[in-house]
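Visitor: could you look at this predicted model? Sequence included:
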Amino acid sequence: MLIGTVIFLSLIVILLAMPVTLTYQLSWKRTLSADLRLNWAFGLVRADVSPDPAKSKPQKAEAPHKKTRRRGRPKGKKVNVLAAIRERTFRRRILRFVSDLWRAIHKKNIELLVRLGLGDPADTGRLWAVIGPLTAMLARTRDASIAVEPDFLDATFEVDSSGTIRMVPLRFVILALGLLLSPPVWRGIVLMRTTG
């Protein structure tokens, strides 16, 4: 039993140690448009993921005289993400995770344009206090063109990106476990739930 468990875990580690290459083209402007090509285990596993335009049905326009009622939000505690963002140790840990993850990924011809806003200039400013330094760090990456623009007037989230990335899944698992076991992250989660 013990030998079988060791062999099984060894196979999982070997599989996770094989690099994954992802070539993608992604756009998010109200709707998602994506073209993904994945190679794993040195080309033994290949997958193409592209949305089929024939399956996307156009939405029917509602009659102008009909009024739709907004459903009330379910009762319960809301999650306040900004409460965690205000916590300095939480911000530093998230920035460190993103930085480590970014260094672990081998990038080629990356293009990324993001436009985001929360609808309230003050909230967008607080969010930009975290994203601004991160954007400056990412903008220095070789073989990449990265721009993140804040929108202080409207609630906006738009993404245009393309490129090729290569990563060892085992490295990502180790980084993710380090993030999940980090006390600052758990303090941030508690703040999000208690101040919601």
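Guide: Nice, thanks for sending it over.
Visitor: what about Trp28, how many residues nearby?
Guide: Trp28 has 14 neighbours, counted by other CB atoms under 10 Å. No exception for glycine: its C-beta is placed from N, CA and C like everyone else's.
Visitor: state the pLDDT value of it.
Guide: Trp28 carries a pLDDT score of 85 in this model.
Visitor: one more: Arg115?
Guide: On pLDDT, Arg115 comes in at 87.
Visitor: name the helix or strand of this structure that has the lowest mean pLDDT.
Guide: Here the helix or strand of the chain ranked lowest by mean pLDDT, DSSP states H and E is helix 81-85, holding a mean of 75.
Visitor: tell me how far stretch 10-30 lies from the chain's centre.
Guide: Relative to its chain's centre, stretch 10-30 lies at 13 Å (CA atoms, centre = their mean, to the nearest Å).
Visitor: now the end-to-end length of it.
Guide: Terminal residues of stretch 10-30 lie 43 Å apart, using CA to CA, to the nearest Å.
Visitor: list the buried residues of that stretch.
Guide: Within stretch 10-30, the residues that count as buried by 16 or more other CB atoms under 10 Å are 20-24.
Visitor: tell me which of those is nearest to Leu82?
Guide: Distance to Leu82 across the buried residues of stretch 10-30 (CB to CB) is lowest for Tyr24, with 30.2 Å.
Visitor: beta-bridge partners for the closest one, please?
Guide: Residues in a beta bridge with Tyr24, per DSSP bridges, are Leu36, Gly163.
Visitor: check the gap between it and Arg187 for me.
Guide: 34 Å (CB to CB, to the nearest Å).
Visitor: so after the least confident helix or strand of the chain, what's the next helix or strand?
Guide: Downstream of helix 81-85, the first helix or strand assigned by DSSP states H and E is helix 88-104.
Visitor: low-confidence ranges, this structure, go.
Guide: 51-79, 143, 195-196 (pLDDT under 70).
Visitor: all strands for it, in order.
Guide: For the chain, the strands defined by DSSP state E occupy 20-29, 31-40, 45-49, 106-118, 144-150, 155-167.
Visitor: how about these in a markdown table, adding distance to Leu9?
Guide: Shown next, in a markdown table, are these (distance: least, CB to CB, whole Å):
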| stretch | distance to Leu9 |
| --- | --- |
| strand 20-29 | 20 |
| strand 31-40 | 19 |
| strand 45-49 | 20 |
| strand 106-118 | 26 |
| strand 144-150 | 36 |
| strand 155-167 | 21 |
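Visitor: and those: which comes nearest Pro133?
Guide: Closest to Pro133 of those is strand 144-150 (CB to CB; 11.0 Å).
Visitor: starting at the chain centroid, how far to the closest one?
Guide: Centroid separation for strand 144-150 versus its chain: 15 Å, with CA atoms, centre = their mean.
Visitor: what strands line up against that strand, and which way round?
Guide: If you go by DSSP bridges, strand 144-150 pairs up with strand 106-118 (parallel).
Visitor: ok, Tyr24 touching Ser162?
Guide: Yes: here Tyr24 reaches Ser162: they are 6.5 Å apart, a contact under CB atoms under 8 Å.
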